[in-house]
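Asker: Need a 3D model of the following:
(2 chains)
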Amino acid sequence: MADQVMTAEVSTRASATFEPRIIGFLCYWCSYTGADMAGTARMKYPPNIDIVRLMCSGRIDPELVATAFAKGADGVLVCGCHIGDCHYMVGNHKTMVRIPLLQRVLREMGIEPERFRLEWISAAEGARFQKLVREMTEQVRQLGPLNWPGLMRSRGVGHGMDLKPWGEV
Amino acid sequence: MQGNGSAGVSGNGDGAGGDLRIGVFICHCGGNISDVVDVKRVAARIRKLPGVVFSDTNNFMCADPAQAMIEEKIKELNLNRVIVAACSPTLHALTFRRTLERAGLNQFLFEHVNIREQVSWVVEDPEAATRKAERLIRAAVKRIEHLAPLDKRRISVHRSALVIGAGVAGLVAARDLAKCGMKVDLVERSPFIGGRMAQLGKVFPTGEDARPLLSKLMQEVVHDPNITIFTNTEVLSSVGIVGDFRTKVRTTPRGVDARLTYVGNAIAACPEETISEFNYGLTKRKAIYMPHPNCYPQMPAIDWGTCTKCGKCLTSVGGKGIDLNDEPRESELHSGVIILATGYDPYEPLYGEYGYEVFPEVITLQQLWRMLDWEGPTGGQIQRGGKPIKNIAIIHCAGARQYQGVSMPQPDGKVKDYCARTCCTAALHASLEVKERWPEINIYDLYQDIRTYGRGHEDYYKHASEAGVTFLRFDGHDLPKVEKDLRGEAPLVVKVIDQLTNGREIEVPADLLVLATGVVPHDISELIDMYKCAIGYDSFLLEVHPKLRPVELAVTGVFIAGSCQGPMDITECTAAAAAAASKAAAMIAHGQVEMDPFIAQVDEELCTGCRTCLVVCPYDAISRDESRGIAVISTAACTGCGTCAATCPSNAIVQLGFQDDQVLAELNALLDREAAAVL
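Answerer: Residues are numbered from 1 along each chain as shown, chains lettered A, B, ... in the order given. Model prediction:
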């Protein structure tokens, strides 16, 4: 029910000139190198994604993702090594468990699933990364701006995502 | 596990505190960046940010003159933070960290911004690319405020090595390490050293006899005072970190000691028999046995799984030199580095695969080599079923390069889809050997592709063709079929759709069918858990990087040598073992190792001792100090993945270099719409 209301609201927010802001949290060993691979092969993708480099996707604290949305990201992408390829053996196993749970929570809070994706990108999968960023940018563009803090306020939820100590950096 | 090293926030204070003095250096990369990104505009705008005292561009920032310029600017302007915006940090972060170090600045007060691979090469529109580059550098300026100087971790090490597995790779690794002056413990699970090489008669590409070669190597190892050999010994557990591994091993008694003189009598007296692994099941052996006359140690061993302790061997030698009631001994080995040289097993065909175990005429290439061995079970004669051998068929890729849905799946549901690399040359070598001894025997070689890739290997292919071996090529999707020959010409007939004659079905008579079987890793699941080894899709051990770190595992101080890493011939095994030995020796030669400082640290004030981090750490690097009720992270065992930092419910763990405040500052700057609006 909440989802339906939200979708209706979202469609009115979409605009032709809207350029989504997407944050990509990438592990250093596979996904970041995979993104580099896209560059080395001169594979073009939209400039909307800004990559934040971490050593392992296991480092991606759910609060980092929530903060990204709270600070105005329209989409968040989390990428790690394929299961079995983690440089730290099982760091991505934690991600695999943690992120879907967070996806559910964020969905309950009105964030469409297309805005928050978890994908495994190997160091060789430049083409996959390109495709993923293109696809996600387009999907988020269709959904329109998120404006999560404002949305939460207008719906009377919380008080504008007060994320102390996270909010004040 | 407590670390013996030191790491963390540097105490020398260079750059910490006081005013921020950030230098930003933006690279053109000879046009690779500047053709798309307006680097001059970016530099000018970044210059206006608070804290930035210098911001400029250079054609090649990684070139020596540009690095000298960075050094000069650091000194001249008293910079205490440096940002380089250039290619990917995977390429040059280290280069610039060293530049900082040379200028007397802590190398971790550095941010590398990737504006080539992740901006100029992927963004088409120059305006959008310029904005993105500026946004990323702006975020780095905000992030770099939060950096603190860090020290590399320095860990003192025990200058000794443990080599697990005493096959040809383990022997070479042990020999080479010992020559560097290291104490080496060489541990072998079976009662005899030498591994699988002793089972081969001749070896390619030189055609030399395997055992004399191996003996030469074994003599070097046995007589080296730096090497201690433990046979019949298995690894039970291992704790510790590079420089300080403590490995518990259990040595099963061999039941025989040097006082045993009448070896033959003892073996003859034994009534218990089992199949001989050494001869790949072609013969039987006694419970007290020697695999071959030149084995080492030069004394028999008792196989306790077969022995019934009847005591007949004991009486036959007058009670001297045999002890049936000896107990296993456990000991602890202390070493700075570990080399895994656990080897391979030949692929064992499934029941019915190409008629294996259904027809007695079907054997493996390993068995054929045992038969060809003059000292082997048949004295160098090829025998099967009592009839003279006129036609031999060889099928390549048995247990290699298989296709899902075509070949019979293994117990794990998968097929062996990788190339086993060594079997092509080994099969051709065997064909030639047969042709040389018995030119009248017809050999039919059924292959997918001939892969004689090594130096001198191709000659075997050429010579086999010249010697009259008939080659037939099958498609891996359409495997040859083995049937009983009803016409009675030969016991078996192999039907193959031959690609060389445009897919004609050809029937090959076979008195003997030899399966050129692939290679699978030796079962070392316990070691894999113990040393947290990464495993490739083919189940062999996986190196950190195939080109840059080809013999290292992710756990610092653990190396791999030989065919535990993948199918290799002896030449490749010994090269890999020598590489592993020199890498291992280099790591501990100075008595200490240096590692990056991006590890996790516990804030003792915030930690509640809840143990959550202990559970998620992949390396058991965290323990709980029970007296203080807090988590303690071993600085040496931590590999810096940051999973604990993400997990800690009290935010009591930080990952140095990737602290929350650093990442959040970056996020804030990236998402700063007001700044973005004026970009």
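Asker: residue in the stretch 51-200 of chain B nearest to chain A?
Answerer: Shortest the stretch 51-200 of chain B-to-chain A distance, computed as Cβ to the nearest Cβ: residue-wise this is residue B:117, at 3.2 Å. Any C-beta I mention is one placed from the backbone N, CA and C, and that applies to glycine too.
Asker: which one is that residue nearest to, not counting chain neighbours?
Answerer: Ranked by Cβ to Cβ, 6 or more residues apart in numbering or on different chains and with sequence neighbours excluded, the top spatial neighbour of residue B:117 is residue A:39, at 3.2 Å.
Asker: Might you report the residue contacts of the residue of the stretch 51-200 of chain B closest to chain A?
Answerer: With contacts defined as Cβ atoms under 8 Å, 6 or more residues apart in numbering or on different chains, residue B:117 is in contact with A:35-36, A:38-40, B:87-88.
Asker: try 10 Å this time
Answerer: Residue B:117 makes contacts with A:32-33, A:35-42, A:126, B:32, B:86-91, as judged by Cβ atoms under 10 Å, 6 or more residues apart in numbering or on different chains.
Asker: which of those residues are buried?
Answerer: Among the contacts of residue B:117, those buried by neighbour count (16 or more other Cβ atoms under 10 Å in any protein chain shown) are A:32-33, A:35-40, A:126, B:32, B:86-90.
Asker: Cross those against strands and list the overlap.
Answerer: Per DSSP state E, strands hold the following members of the buried ones among the contacts of residue B:117: residue B:86.
Asker: Please work out how many residues are found near the residue nearest to residue B:46 when sequence neighbours are not counted.
Answerer: Leaving aside its sequence neighbours, residue B:46 sits nearest to residue B:55 (Cβ to Cβ, 6+ apart; 4.6 Å). Using other Cβ atoms under 10 Å in any protein chain shown, residue B:55 has 22 other residues around it.
Asker: The one 3 residues further on now?
Answerer: The number of residues packed around residue B:58, counting by other Cβ under 10 Å, is 21.
Asker: Look up the residues forming beta bridges with it.
Answerer: residue B:27 (DSSP bridges).
Asker: so what's it up against?
Answerer: When contacts are counted by Cβ under 10 Å, 6+ apart, residue B:58 touches B:25-29, B:39, B:43, B:65-67, B:69-70, B:84, B:86.
Asker: Now tabulate the residues you listed in TSV and tack on secondary structure, pLDDT and distance to residue B:126.
Answerer: Shown next, in TSV, are these (DSSP: H, G, I helix; E, B strand; the rest coil; pLDDT from 0 to 100; distance: Cβ to Cβ, whole Å):
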residue	secondary structure	pLDDT	distance to residue B:126
B:25	strand	98	21
B:26	strand	98	15
B:27	strand	97	17
B:28	coil	97	14
B:29	helix	96	15
B:39	helix	97	11
B:43	helix	97	16
B:65	helix	96	27
B:66	helix	96	24
B:67	helix	96	28
B:69	helix	97	26
B:70	helix	97	26
B:84	strand	98	21
B:86	strand	97	18
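Asker: Buried ones among the residues you listed?
Answerer: Among those, the ones that count as buried (16+ other Cβ under 10 Å) are B:25-29, B:39, B:43, B:66-67, B:69-70, B:84, B:86.
Asker: residue ranges of the strands in chain A, please?
Answerer: Using DSSP E, strands in chain A cover A:22-27, A:49-54, A:75-80, A:116-120.
Asker: Against which helices or strands is the first one packed?
Answerer: So the one you mean is strand A:22-27. Applying 3 or more Cβ pairs under 10 Å, 6 or more residues apart in numbering or on different chains; DSSP states H and E, we find strand A:22-27 packed against helix A:33-40, strand A:49-54, helix A:62-70, strand A:75-80, helix A:91-108, strand A:116-120, helix A:126-143, helix B:660-670.
Asker: got a markdown table for the ones you listed, with distance to residue B:563 and mean pLDDT too?
Answerer: Shown next, in a markdown table, are those (distance: least, Cβ to Cβ, whole Å; pLDDT from 0 to 100):
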| stretch | distance to residue B:563 | mean pLDDT |
| --- | --- | --- |
| helix A:33-40 | 28 | 93 |
| strand A:49-54 | 36 | 97 |
| helix A:62-70 | 43 | 92 |
| strand A:75-80 | 31 | 97 |
| helix A:91-108 | 29 | 93 |
| strand A:116-120 | 30 | 97 |
| helix A:126-143 | 32 | 96 |
| helix B:660-670 | 43 | 95 |
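Asker: winner for burial among those?
Answerer: Neighbour counts (mean count of other Cβ atoms under 10 Å in any protein chain shown) averaged over each of those peak at strand A:75-80, with a mean of 28.
Asker: just for the stretch 351-500 of chain B, where's the confidence low?
Answerer: Along the stretch 351-500 of chain B, no part satisfies pLDDT under 70.
Asker: Any idea which residue of it lies closest to chain A?
Answerer: For the stretch 351-500 of chain B, Cβ to the nearest Cβ, closest residue to chain A: residue B:414, 13.3 Å.
Asker: That residue reaches residue B:402, doesn't it?
Answerer: Yes - counting by Cβ atoms under 10 Å, residue B:414 touches residue B:402, with 9.1 Å between them.
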